[in-house]
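Participant: What follows is a predicted protein model with its sequence.
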Amino acid sequence: MNSHYRSPPSIFAERYPVAFGAGVVDFLLLFGAGHLAYWLRFQQWEMSEWYLLATLLFSLTIILCQATTQSYGSWRGQAFTRPLARLIWAWIGALLILAVIAIGAKLAHYFSRYWMGYTVTVGLLAVVSFRLIVFFILSRLRAKGKNQKNIVAICDAEEKHNIFVLKDSLPAQGYSIRHTIPVSDDAHFLVELSQTVAKLTPHEVWICLPLSEGDKIKEILHVLRHQTIEIRFIPDMSDLSLLNHRITQIAGMYAIDISCSPMDGSARWVKRTEDLVLGSLFFLMSLPLCLLIYIAIKLTSPGPALFKQRRTGFNGKTFKVYKFRSMEVHNEESGEVTQATANDPRVTRLGAFLRKTSLDELPQFYNVLQGRMSIVGPRPHALAHNEQYKDLIESYMKRHKVKPGITGWAQVNGLRGETDTIEKMQRRVEFDLWYINNWSLWLDLKIIVLTIFKGFINNKP
């Protein structure tokens, strides 16, 4: 047995004191937000009785809704976006409840709307900021080996499980694999396993075995049945492609969605709303710049300023994508698409700058408003490239289960420009499919922010 164990550092033995403490801090922040909002509106600190009661009701309602959405649960092993999402849902629910109370009891006209707006804004900023600070401090402490849950991992002898690939990143999330126990067919293995776990008293035991080891897993669970520690089964499903897809229910039956878009129902409306709101904003903001680029192209090279090409879009339907022309006007052989390369003589001097800064893509916000593209999604490829790669790359056509995008997960991860090898295209498709299978509004916003800060300057030839 491979041991890397030492005495466990202290962690919170119970979650309740921590949750209660967080609730008290939230109450103070929210109550303080009401007072600050009162001062901002009326320039005095002493609140009237009605405003004091309203602030108290506001604070308690927010805290109760946060508790019901498990906003006071453990963050261990989670990205900050998960507790933040629970917090936002709690606030939406709380504000709806307060609105119903105010309208039903006809109390809304007693209070300043500015005060209500200030209270909600300051309160939300305070609560989120408090959590960001705590999350940052916890991450720093855990990266230094503090506040860890010690783990005993039961695994195969070769340690092939994905958990060992991520082993070095686990401490920052609050987990430390201190002891590994390789599975053996030895007659004494199970007895020694029970004794070793009892002696080490870890916080948790992780069974890191493939699903095919079902009988062995049952034996391990049986010998550990008297242990009071937490036991988790973490299967390695990386080789089981079917289990990497979404599981849904149809007519009471479980189904694995092999080739289905996750953006259905409400998700599709959220995505379209995002495109309309942000697309309109970016389109209007970029209009003056687009006009300057249009004039510059007309002055520096003969031919149209806009370049139109048919690309494959949502559900395999073709559409015209718009870009600023960055090359000299030329004719290609029928059906042939020649990608731009480094130092391509067809690219104009202005075009090289536009391609380098991705400003040639700005007209595609018009495609977004048309509903044929999204701000974020897999980049649309030329029709000839689709015909070329659909038989060479597994699941290539699944890219078209969503609308193509101006930017995407592949692009912010450095996969831009020429795809002169099948390996490059394969890598880009892998990132596209990961985006489709893991889509969320938060992921889209993250990609947009990354594009703004690092995506405009790229290696596109």
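Facilitator: Alright, I've got the coordinates.
Participant: Helix or strand next in line after the strand or helix carrying residue 33, which one?
Facilitator: Using DSSP states H and E, residue 33 sits in helix 16-42. For helix 16-42, the following helix or strand on the C-terminal side (DSSP H and E) is helix 49-68.
Participant: Distance from the chain centre to that following helix, please.
Facilitator: 31 Å (Cα atoms, centre = their mean, to the nearest Å).
Participant: go on, stretch 290-297?
Facilitator: Counting by Cα atoms, centre = their mean, stretch 290-297 comes out at 36 Å from the chain centroid.
Participant: what comes up buried for that stretch?
Facilitator: 290, 293, 294, 297 (16 or more other Cβ atoms under 10 Å). C-betas here are computed from N, CA, C, even on glycine.
Participant: could you dump that stretch to PDB, C-alpha only?
Facilitator: Written as PDB, here are the backbone C-alpha positions of stretch 290-297 (Å, rounded to 0.1, in the frame of the first residue of the first chain):
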ATOM      1  CA  CYS A 290     -17.200  50.000 -39.100                       C
ATOM      2  CA  LEU A 291     -17.800  53.100 -41.100                       C
ATOM      3  CA  LEU A 292     -14.100  54.100 -40.800                       C
ATOM      4  CA  ILE A 293     -13.000  50.600 -41.800                       C
ATOM      5  CA  TYR A 294     -15.400  50.600 -44.800                       C
ATOM      6  CA  ILE A 295     -14.000  53.900 -46.100                       C
ATOM      7  CA  ALA A 296     -10.400  52.800 -45.500                       C
ATOM      8  CA  ILE A 297     -10.900  49.600 -47.500                       C
END
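Participant: Could you give the average pLDDT over it?
Facilitator: Taken as a whole, stretch 290-297 has an average pLDDT of 92.
Participant: got a list of contacts for that stretch?
Facilitator: With Cβ atoms under 8 Å, 6 or more residues apart in numbering as the test, stretch 290-297 has contacts from 305, 306, 324, 325, 350, 354, 359, 362, 363.
Participant: Now do the same for the fifth one: helix, strand or coil?
Facilitator: Per DSSP: H, G, I helix; E, B strand; the rest coil, the local secondary structure of residue 350 is helix.
Participant: For the stretch 351-461 of the chain, just list every one of the strands.
Facilitator: With DSSP state E, counting those that start in this stretch as the criterion, the stretch 351-461 of the chain has strands at 374-376, 405-407.
Participant: Return the list of helices and strands in contact with the last one.
Facilitator: Other helices and strands packing on strand 405-407, by 3 or more Cβ pairs under 8 Å, 6 or more residues apart in numbering; DSSP states H and E, are helix 364-370, strand 374-376.
Participant: winner for burial among those?
Facilitator: strand 374-376 (a mean of 26; mean count of other Cβ atoms under 10 Å).
Participant: Quickly run through the sheet partners of it, with directions.
Facilitator: If you go by DSSP bridges, strand 374-376 pairs up with strand 405-407 (parallel).
Participant: Off-centre distance for the partner strand?
Facilitator: 17 Å.
Participant: neighbouring contacts of that strand?
Facilitator: Contacts for strand 405-407 (Cβ under 8 Å, 6+ apart): 361, 364-365, 368, 373-379, 447-448, 451, 455.
Participant: Out of these, which comes closest to residue 30?
Facilitator: Taking Cβ to Cβ as the measure, residue 448 is the one of those closest to residue 30, at 30.5 Å.
Participant: So for that closest one, what's the pLDDT?
Facilitator: pLDDT at residue 448 comes out at 91.
Participant: Then residue 160?
Facilitator: 63.
Participant: what does residue 166 give?
Facilitator: pLDDT, read off for residue 166, is 68.
Participant: now residue 81
Facilitator: pLDDT at residue 81 comes out at 79.
Participant: Check the gap between it and residue 323 for me.
Facilitator: 33 Å (Cβ to Cβ, to the nearest Å).
Participant: okay, the two: which has more neighbours?
Facilitator: residue 323 (18 against 13; other Cβ atoms under 10 Å).
Participant: after the lengthiest helix in the chain, next one along is what?
Facilitator: Ranked by residue count under DSSP state H, the longest helix found in the chain is helix 266-300. Counting by DSSP H and E, the next helix or strand C-terminal to helix 266-300 is strand 306-312.
Participant: out of the buried residues of stretch 290-297, who's nearest residue 28?
Facilitator: Closest to residue 28, out of all of the buried residues of stretch 290-297 and judged by Cβ to Cβ, is residue 290, at 49.6 Å.
Participant: how close does the closest one get to residue 296?
Facilitator: 11 Å.
Participant: before we move on, back to that, minimum distance to residue 20: which of the helices and strands packed on strand 405-407 has it?
Facilitator: For these, proximity to residue 20 was assessed by Cβ to Cβ; strand 374-376 is nearest, at 40.1 Å.
Participant: picking that back up, need the helices and strands packed on strand 405-407 in JSON lines with mean pLDDT and distance to residue 434, can you?
Facilitator: Shown next, in JSON lines, are these (pLDDT from 0 to 100; distance: least, Cβ to Cβ, whole Å):
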{"stretch": "helix 364-370", "mean pLDDT": "94", "distance to residue 434": "22"}
{"stretch": "strand 374-376", "mean pLDDT": "94", "distance to residue 434": "13"}
